[in-house]
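# Let me see the structure of the following:
(one chain, ligands or ions: 1)
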Amino acid sequence: MAKETPWDIALTDLALAGLRPEEATAFYSDLHRVLGPQRRPPADAAEVWRSVVDSGLLKPSHSHPLHQLVYYSVFARWDFAARGPPPYWFPDPVLAKRTNLGKLMEAHGPSLLGSSYKDPITSFNLFQKFTVEHPEIYWSIAMKEISVLFREGPKCILDTSDKSREGGIWFPGSVLNIAECCLLPMNFPKKTNESIAIVWRDEGSDDSPINAMSLKELRDQVMMVANAIDKLFSKGDPIAIDMPMTTTAVIIYLGIILAGCIVVSVADSFAAKEIAVRLSISKAKGIFTQDFIVRGGRKFPLYSRVIEGSNCKAIVVPARGNEIGVQLRSHDLSWKDFLSCAASQPRPCSYIPVYESAENVINILFSSGTTGDPKAIPWTQLSAIRSAADSWAHTDIQSGDICCWPTNLGWVMGPILLFTCFLNGATLALYQGSPLGRGFGKFVQDAGVTFLGTIPSLVKAWKSSKCMEGLDWGKIRTLASTGEASDVDDDLWLSSRASYKPIIECCGGTELASSYILSTLLQPQAFGAFSGKSMSTGFVIFDDQGIAYPDDQPCIGEVGLFPLYMGASSRLLNGDHKKVYFDGMPSYRGMKLRRHGDIIQRTVGGYYIVQGRADDTMNLGGIKISAVEIERACNRADEAVLETAAISIRKGTGGPEQLVVMVVLKEGSSNCDPYQLRAKFQKAIQKNLNPLFKVSSVRIVPEFPRTASNKLLRRVLRDQLTKELSTLSKL
Ligand SMILES: Nc1ncnc2c1ncn2[C@@H]1O[C@H](COP(=O)(O)OP(=O)(O)OP(=O)(O)O)[C@@H](O)[C@H]1O
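The predicted model follows:
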């Protein structure tokens with residue numbers, strides 16, 4: 001499909017990529033005008049691509065094959081080993097100074113870095129390093145940028161005197177209510193009572209106007225909920241929310257925190273048993289839920305799932321309309337009856353928040369369980385601050401932005417998105433239904449979303465179904481992706497839908513309340529790669545012996561986080577925090593490193609590429625390789641492949657690990673032959689990775705097992721294959 005150079009693209013190629021003859025002729029001459037006469041290198045591919053994008057030649061309305069043809073032809077001769085991943089987006093020196101971080105660096109860079117400070121782009125790495133070495137200075141400045149209002153100010157920013165607290169004590173002595181901070185109008189960041197706090201639309205009402213709620217309306221409703229909570233619960237009670245991330249769910253979330261209780265977030269896709277386990281671990285005193293979930297035009301029971309394994313008081317919100325569609329147990333309440341508890345108050349929409357220390361727990365979240373049983377992670381008010389501040393710095397969220405990221409309050413992205421919007425004066429955009437279809441994309445268009453977050457499986461589904469064709473996503477300023485390693489071609493598709501806006505890759509963990517590697521608008525971006533570490537985050541990549549690679553050296557290894565990490569967890573409800581995150585970790589410069597479990601690659605050029613979990617690493621013929629690297633090579637080996645999972649298994653008798661590539665095919669490709677695929681995978685692996693790696697077999701399956709948040713569960717596939725093998729060997 002791709003040509004040796006973009007100059008080799010012929011009219012016939014453009015026709016094959018979907019252009020009509022007259023369009024192909026016009027495109028051809030425009031392309032050549034942009035490319036100029038130089039037919040062969042030394043033209044730098046990155047500069048060529050930059051001119052192509054700047055010229056606006058490639059439009060969102062063009063077919064994906066056309067975008068592919070140009071992109072892959074431009075970078076056909078790119079030497080990854082010598083230059084790192086190819087950049088597709090470049091910061092503009094003038095615009096960079098107008099970003100949140102750019103402004104902060106311009107204001108403080110000269111005094112903090114002295115004459116070494118040049119400008120936000122040139123000095124980004126130096127500044128990030130400074131924030132790691134002086135986190136107390138960075139956080140004292142960053143805190144002024146988001147709407148955090150202390151009732152009592154902190155004694156200092158960071159206290160490291162208690163050596164048993166590896167993560168340090170942040171903002172000691174301070175008292176606040178973070179939900180109140182979300183709801184108050186502020187001069188900076190700008191939030192008035194009339195500012196639009198939430199916009200939303202119900203699935204199925206895709207041609208109706210967008211609904212909107214002002215900050216004052218939101219505050220009134222949250223206060224009403226807090227008043228009603230006071231009637232039914234006591235301060236400090238854990239109260240669960242298990243429902244889609246709707247406007248009502250967001251109001252409930254803030255109401256629980258305003259009233260000094262703890263939100264227990266449970267994702268709405270869990271089965272009854274999983275819900276029950278989470279309610280029991282957190283000792284929830286009540287649960288807010290819905291009668292049903294309406295998604296993709298279907299109605300799924302939710303209340304019945306919630307009560308199957310738990311007796312705690314349920315407050316039931318109707319999925320649609322005002323009346324609930326299920327019969328309640330005697331001790332449960334409808335949403336209407338719950339709200340009427342507050343209505344009897346003289347001022348139902350007025351509430352004095354419960355103020356607590358910054359380290360007070362506001363939310364219990366559960367990790368995805370990719371590596372084992374989900375961990376119950378207490379989020380403090382600091383976690384909320386961390387999440388909003390990172391979005392301020394890295395995704396450049398500003399007041400007036402309209403932010404959409406399909407997720408759930410039970411996944412870490414839910415609370416991160418909520419605090420990102422409300423502590424930065426941005427608008428939260430919620431599509432109340434399935435994000436998989438065109439209705440969601442139309443909402444993004446109609447609501448004028450400026451920031452769109454995604455997960456890789458969602459992007460893959462949009463690209464493959466072509467459901468977003470013809471939509472105008474022109475208001476998008478920034479995209480983002482998290483959860484799993486993203487696919488270069490899927491990201492090419494995503495960015496091209498928004499005229500090549502940057503995709504900010506985010507990788508962290510529920511227990512960090514943030515991402516440890518995170519792209520920025522101050523550095524060039526490459527698909528599927530992270531341009532750097534997040535502000536104030538330090539880490540090393542270490543080898544099998546626990547020895548850290550030098551910071552400027554390209555390498556692959558496990559990441560070890562510096563333990564002083566503002567907003568990260570310091571305990572687990574269902575596990576030994578020290579054992580999970582610190583025991584067995586190497587030390588670096590006198591610091592015991594914090595475990596995160598990811599294998600990452602630092603490339604030439606200082607980009608990071610996630611290679612998956614340490615547990616998914618395999619040893620093929622004595623060489624260590626991550627599953628993700630093999631999958632990246634195989635995913636593009638044949639047009640029929642939707643996705644692959646690389647698993648290594650060992651026969652019961654021991655011996656070397658054998659590589660099995662499992663495949664899910666695109667719709668309509670069912671007659672694909674596994675033997676032919678094996679040959680193609682073998683070739684792709686030999687060409688891109690290592691000629692010695694052998695594909696032992698290929699399995700075509702209808703779908704992969706995934707966590708409830710859609711992460712590929714390689715450990716389940718590995719267990720299945722190992723079991724099958726041992727049964728076979730017994731026959
Ligand atoms: N953008 C990304 N690219 C690659 N991997 C990612 C990305 N974002 C997240 N991840 C993976 O997800 C992990 C964080 O997910 P989460 O906090 O939900 O817990 P988990 O590790 O999946 O679950 P558990 O700790 O229960 O096994 C990261 O450590 C990383 O492995």
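
# quick one, what contacts Asp487?
Residues near Asp487 by Cβ atoms under 8 Å, 6 or more residues apart in numbering: Pro456, Val459, Lys460, Gly528, Arg632, Asn635. Just so you know, the C-beta spots here come from the backbone N, C-alpha and C atoms, and that holds for glycine as well.

# so which helix or strand takes in the nearest residue to the second one once chain neighbours are set aside?
So the one you mean is Val459. Closest residue to Val459 apart from its sequence neighbours, by Cβ to Cβ, 6 or more residues apart in numbering: Asp490 at 4.6 Å. Using DSSP states H and E, Asp490 sits in helix 488-497.

# Other residues contacting that helix?
Contacts with helix 488-497, where a contact means Cβ under 8 Å, 6+ apart, come from 58, 60, 62, 64, 67-68, 71, 88-89, 454, 456, 459-460, 462-463, 468, 471, 473, 479, 481, 501-503, 527-528, 632, 635-636.

# among those, which are in strands?
Taking DSSP state E as the definition of strands, the contacts of helix 488-497 contribute Tyr88, Trp89, Thr454, Leu479, Ser481, Ile503.

# Please name the bridge partners of the third one.
What that stands for is Thr454. Counting by DSSP bridges, Thr454 forms beta bridges with Ser481.

# Near it, how many other residues are there?
Applying other Cβ atoms under 10 Å, we find 24 residues neighbouring Thr454.

# Report the contact partners of it.
Counting by Cβ under 8 Å, 6+ apart, Thr454 makes contact with Trp405, Pro406, Leu479, Ala480, Ser481, Leu494.

# Okay, strands next: where are they in the stretch 601-731 of the chain?
In the stretch 601-731 of the chain, the strands defined using DSSP state E, counting those that start in this stretch lie at 608-613, 617-620, 623-626, 641-651, 654-665, 695-700.

# would you list those strands in a markdown table and tack on mean pLDDT and mean neighbour count?
Shown next, in a markdown table, are those (pLDDT from 0 to 100; neighbours: other Cβ atoms under 10 Å):
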| stretch | mean pLDDT | mean neighbour count |
| --- | --- | --- |
| strand 608-613 | 91 | 22 |
| strand 617-620 | 86 | 18 |
| strand 623-626 | 84 | 18 |
| strand 641-651 | 89 | 21 |
| strand 654-665 | 88 | 18 |
| strand 695-700 | 93 | 18 |
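
# Among those, which comes closest to the ligand?
strand 608-613 (3.6 Å; Cβ to the nearest ligand atom).

# if we can go back for a sec, among the ones in strands among the contacts of helix 488-497, who's most crowded?
For these, neighbours tallied by other Cβ under 10 Å; top is Ile503, 29 neighbours.

# who touches Pro87 in this structure?
Counting by Cβ under 8 Å, 6+ apart, Pro87 touches Ala46, Trp49, Pro524, Gln525, Ala526.

# One more pass at 6 Å, please.
Pro87 is in contact with Ala46, Pro524, Ala526, counting by Cβ atoms under 6 Å, 6 or more residues apart in numbering.

# Same question for Asp230.
Ala259.

# Secondary structure element holding it?
Counting by DSSP H and E, the element that carries Asp230 is helix 215-232.

# Excluding chain neighbours, give the residue nearest to the residue in the stretch 51-200 of the chain that the ligand sits nearest to in space.
Closest contact between the stretch 51-200 of the chain and the ligand, by Cβ to the nearest ligand atom, is at Pro85 (13.6 Å). The spatial neighbour of Pro85 that comes closest, neighbours along the chain excluded (Cβ to Cβ, 6+ apart), is Ala526 at 3.6 Å.

# okay, now the one you found: neighbour count?
Using other Cβ under 10 Å: Ala526 sits among 25 other residues.

# mind giving me a markdown table with the strands of the stretch 601-731 of the chain and columns for distance to Val580?
Listed next are these as a markdown table, based on distance: least, Cβ to Cβ, whole Å:
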| stretch | distance to Val580 |
| --- | --- |
| strand 608-613 | 14 |
| strand 617-620 | 19 |
| strand 623-626 | 22 |
| strand 641-651 | 25 |
| strand 654-665 | 26 |
| strand 695-700 | 33 |
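
# Look at Gly470 and say how many residues are nearby.
12.

# Tell me the spacing between the residue nearest to it when sequence neighbours are not counted and Val628.
If the residues on either side of it in the chain are set aside, Gly470 comes closest to Ser61, at 7.3 Å by Cβ to Cβ, 6+ apart. For Ser61, the distance to Val628 equals 32 Å [Cβ to Cβ, to the nearest Å].

# Neighbour count for those two, which is higher?
Comparing Ser61 with Val628 by other Cβ under 10 Å, the one with more neighbours is Val628, at 23 against 11.

# show me the contacts for that one.
Val628 neighbours (Cβ under 6 Å, 6+ apart): Ala485, Gln611, Gly612.

# where do the helices sit along the stretch 551-700 of the chain?
577-581, 627-635, 674-688 (DSSP state H, counting those that start in this stretch).

# Identify whichever of these lies nearest to the ligand.
Counting by Cβ to the nearest ligand atom, the ligand lies closest to helix 627-635 out of those; the figure is 7.7 Å.

# can you count the residues close to Val634?
Just to correct that, residue 634 is Cys rather than Val. Cys634: 27 neighbours (other Cβ under 10 Å).

# Was I right to think the residue nearest to Pro85 contacts Arg83?
No. Using Cβ atoms under 6 Å, Ala526 is not in contact with Arg83, being 10.1 Å away.

# So Ile157 is in contact with Ser140, correct?
Yes. At 5.2 Å, Ile157 counts as touching Ser140 under the criterion of Cβ under 6 Å.

# quick one, which of those two is more surrounded?
More crowded of Ile157 and Ser140, by other Cβ under 10 Å: Ile157, with 19 against 15.

# With Met566 as the reference, measure out to the closest residue in space to that one that isn't next to it in sequence.
Closest residue in space to Ile157, ignoring its immediate chain neighbours: Glu136 at 4.0 Å, by Cβ to Cβ, 6+ apart. Distance, Glu136 to Met566, by Cβ to Cβ: 10 Å.

# Could you check which of these two is surrounded by more residues?
Using other Cβ under 10 Å as the criterion, Glu136 and Met566 rank with Met566 on top: 27 against 17.

# Let me see the contact set for that one.
Neighbouring residues of Met566 by Cβ under 6 Å, 6+ apart: Trp139, Trp170, Arg386.

# Who wins on neighbours among those residues?
Arg386 (28 neighbours).

# tell me the domain ranges of this structure?
Annotated domains of the chain cover 6-78, 175-599, 621-730 [automatic domain parsing].

# so which of those domains comes closest to the ligand?
The nearest among these, by Cβ to the nearest ligand atom, is domain 175-599 at 3.2 Å.

# Perfect, I'm done here.
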